[in-house]
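J.: below: sequence and its predicted model.
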Amino acid sequence: MPIIEGGCLCGAVCYRSDAEPLMQVACHCETCRKNSGSAFSMNVAVPQDSLRIETGSPRRYEDHNGNAENLK
């Protein structure tokens, strides 16, 4: 099984999963471009019960600016 490890840029939150990704997405919406400082962002989704927070306490982020409509 793959091991996926990562965290936030400042290092306060680290996570780990040993599950196969459910999906891998290169998103080109305005918010993802702005957040990554690039033409896209890479996102990986794993089953929630396989995600372990190793350090820190993540906060929730929700995009309410309407860009999700571009994904239709």
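T.: Structure received. Quick caveat: nothing in here was measured; it's all calculated off a predicted structure.

J.: which neighbouring elements make contact with the helix or strand of the chain at the bottom of the mean pLDDT ranking?
T.: Among the helices and strands of the chain, helix 30-36 carries the lowest confidence by mean pLDDT, DSSP states H and E, at a mean of 88. Here helix 30-36 touches strand 41-45, going by 3 or more CB pairs under 8 Å, 6 or more residues apart in numbering; DSSP states H and E. (C-beta placed from N, C-alpha, C; glycine too.)

J.: please point out which parts of the least confident helix or strand of the chain sit buried.
T.: 31, 32 (16 or more other CB atoms under 10 Å).

J.: right, and residue 55 touches residue 8 too?
T.: No - contact criterion CB atoms under 8 Å: residue 55 and residue 8 do not qualify, at 10.1 Å.

J.: residue nearest the centroid of the protein?
T.: residue 43 (4.8 Å; CA atoms, centre = their mean).

J.: who is the closest residue to residue 51 other than its chain neighbours paired with across the strands?
T.: For residue 51, ignoring the flanking residues on the chain, the nearest one in space by CB to CB, 6 or more residues apart in numbering is residue 17 at 5.1 Å. Residues in a beta bridge with residue 17, per DSSP bridges, are residue 4.

J.: what residues are up against residue 17?
T.: By CB atoms under 8 Å, 6 or more residues apart in numbering, the residues touching residue 17 are 3, 4, 46, 47, 50, 51, 52.
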